[in-house]
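Student: fold the following, please.
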Amino acid sequence: MAMKTEWNLGILYDGFQDERYQADKASLGETIRELGALIAETAEPLTAKAAEQLLLQEERLETLAGNLLIYASLRQAANTEDSEAMAETAGLLRMYSEAAGSLAAAEKLFGTVEDPDALAGESEVIARNRYLFDEAKRNAKHLLSNEEESLYAAMDATGGKAWGDLQSFLTSTLKVDYDGKVVTLSEIRNLAHSADPAVRKAAYEAEIKAYEKVKDSVAFSLNQIKNQVTMISKRRKFESPLDQALDAAKMSRATLDAMMEAVKESLPAFRKYFRKKAELLGHKNGLPWYDLFAPVGENQTKFTVEEARDYLLECFGALSPEIRALMDDAFRGEWIDFYPRNGKEGGAFDCGIPDKKVSRVLTNFDGNFDSVDTLAHELGHAFHDRQVQDEPVLLRDYPMPVAETASTFNEVHLGRYALAKASGEEAIALLESNLSNTAQCVVDIYSRYLFETAVFEESGSKFLMADDLNEIMLRCQEESYGDGLDPEIRHPYMWLCKSHYYSSGLSFYNFPYTFGNLFAEGLYAVYREDPEGFMPRYKEMLRTTPVHTMEENGKIMGLDLTDKAFWEKSLKGIEEEIERFCKA
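Tutor: Model prediction:
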């Protein structure tokens, strides 16, 4: 029987009219009202009974809202023109926003508890959520008043969140004129991997031209989102949006600075790689953007989804029977929506459904090795999901930097596995593919980090038109890629097509990719030194990520992330691969 190539969301609901959906939606409204009533009758000092009731209500709220919003958002991602999904998502967000004041009030109450251990001794519910009381104390200074929290959540649904939805809608429905046809943005961006240089160049030119249709609208979205984030960040008493992002990431500035300093020092090596690739492709002035993802060598193997499955199962079976079993579940259990189509969101993502102990994965599979690599990456996220799925309902969310660790670890292993099996031109092709992916996580992400920093700084004093944003992006690409890229053929619209910039609740969704990549490189070195003892420690680290800082995660694995030497060591292995490629 042929493999299903679209995901099945029936484990959640069979549509918005499904009795289960309607019942859960009604229960969500009731739970929000009950939480509000509990808050109204709860006063300091918080008793064990009152704390337990609040936590139970929050757990129910999180489960119901999670299932409903996951279903609606997955429906919308698969078809951004699904007006019913858009309406339901917006409605659910409005409902959930009504709980914001109550949730803020509950957190403030938890933060007033003088002796959480004493309360935990009286209640198993409090004991399993003990960490929340420490977090509440830490976060107290950043909370708005209960009324302000409620108002902000309601306004964000039609403010920052809506502006982000506009970017997603405009890019996912953008019609690109190419080769006498009209194609989607995802389809045209996939052609960057084509073996035909004429196709790559024509696709790039068509992509750039298509952005002219939506650039002003998307620029307006970006300005409004960043201004909203800056305003709320100040109200929450953060020094800057970056400080707020680091706080949410549970990552110290010392770790970020150590990593970024090491990255900056490594840029000459990456530029050498880009120039070598340009030379192999016949360019004399650096690599033009349209050849950034051009395949090098003779590895033109195409994979069907069945062949991709078999390849991944063989690859990861040698690493971990558990990871292999999860991948098998994903392919057999209709977790994955594979192919691009009109209206479908671009890129790829994993979405855990913890209440059902499964995940769903969206990709835009085109049969190239990079598509196999993307599957390995997203199923790494799913493996992380599995490690936390049995943790308490309110303690399953982990910070963004480590969110990219299990996924990138999978990519590192897949790259090593594929390279070990290859020889000659195929080995060169795979080596270059690995370097290309790594360069995106290090060099391109560095340009995105610089870009977002600049946008936050400049949008406070002026409205950044599309041409302003193009200029900033090109400036940041110059600082990161340098003479590795042809200065005449870069990508001024990289700000427009990346959804990471368009979140009012998650800024600087760029450095986590660099962290994940380089941390994964370091973890893989630990694995190679101790294959037998690695996996239990690795799983424990992933399991406890919701309650640990990045630095504590490193300590579990015997690593000091505030030491630039760690990041230099991870980069040194990559630089050795660059030297190997340049001499091939």
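Student: show me the contacts for residue 494.
Tutor: Taking CB atoms under 8 Å, 6 or more residues apart in numbering as the definition of contact, the neighbours of residue 494 are 444, 447, 448, 451, 473, 477. From N, CA and C alone the C-beta is placed, and that goes for glycine too.
Student: check the gap between it and residue 188 for me.
Tutor: Applying CB to CB, to the nearest Å, one obtains 15 Å for the distance of residue 494 from residue 188.
Student: circling back to that earlier point, reformat the contacts of residue 494 as JSON lines; add secondary structure, neighbour count and pLDDT.
Tutor: Converted to JSON lines, the contacts of residue 494 look like this (DSSP: H, G, I helix; E, B strand; the rest coil; neighbours: other CB atoms under 10 Å; pLDDT from 0 to 100):
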{"residue": "444", "secondary structure": "helix", "neighbour count": "22", "pLDDT": "97"}
{"residue": "447", "secondary structure": "helix", "neighbour count": "22", "pLDDT": "98"}
{"residue": "448", "secondary structure": "helix", "neighbour count": "26", "pLDDT": "98"}
{"residue": "451", "secondary structure": "helix", "neighbour count": "24", "pLDDT": "98"}
{"residue": "473", "secondary structure": "helix", "neighbour count": "23", "pLDDT": "98"}
{"residue": "477", "secondary structure": "helix", "neighbour count": "25", "pLDDT": "98"}
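Student: return the member of those nearest to residue 232.
Tutor: Distance to residue 232, by CB to CB, is smallest for residue 451 among the contacts of residue 494, at 20.8 Å.
Student: give the closest residue to that closest one in space, chain neighbours not counted.
Tutor: Closest residue in space to residue 451, ignoring its immediate chain neighbours: residue 476 at 4.4 Å, by CB to CB, 6 or more residues apart in numbering.
Student: and the top helix by length along the chain, what's buried?
Tutor: When every helix of the chain is counted residue by residue (DSSP state H), the longest turns out to be helix 48-78. For helix 48-78, burial by neighbour count (16 or more other CB atoms under 10 Å) applies to 48, 50-78.
Student: after it, next one along is what?
Tutor: Next in sequence after helix 48-78, counting helices and strands by DSSP states H and E, comes helix 83-97.
Student: got the contact list for the helix or strand following that following helix?
Tutor: Where DSSP H and E defines the elements, the next helix or strand beyond helix 83-97 is helix 100-111. With CB under 8 Å, 6+ apart as the test, helix 100-111 has contacts from 32, 35-36, 38-39, 42, 44, 46, 51, 54, 58, 132-133, 136-137, 139-140, 143-147, 149-150, 152-154.
Student: quick one: least confident helix or strand in this structure?
Tutor: Least confident element among the helices and strands of the chain, by mean pLDDT, DSSP states H and E: helix 146-158 (a mean of 87).
Student: between that one and helix 83-97, how many degrees?
Tutor: 170 degrees (axes from the mean of the first three to the mean of the last three CA atoms, to 10 degrees).
Student: helices and strands around helix 146-158, which ones?
Tutor: helix 83-97, helix 100-111, helix 215-235 (3 or more CB pairs under 8 Å, 6 or more residues apart in numbering; DSSP states H and E).
Student: which other helices and strands contact the last one?
Tutor: Which is helix 215-235. helix 146-158, helix 160-172, helix 241-249, helix 445-459, helix 466-481, helix 494-497.
Student: so for it, mean pLDDT?
Tutor: Averaged across helix 215-235, the pLDDT comes to 97.
Student: then the shortest one?
Tutor: Predicted confidence along helix 100-111 averages 92 (mean pLDDT).
Student: mind listing what's buried in the following helix or strand past that helix?
Tutor: Using DSSP H and E, the helix or strand that follows helix 100-111 in sequence is helix 116-120. For helix 116-120, the buried set under the neighbour-count rule, 16+ other CB under 10 Å, comprises 116, 119, 120.
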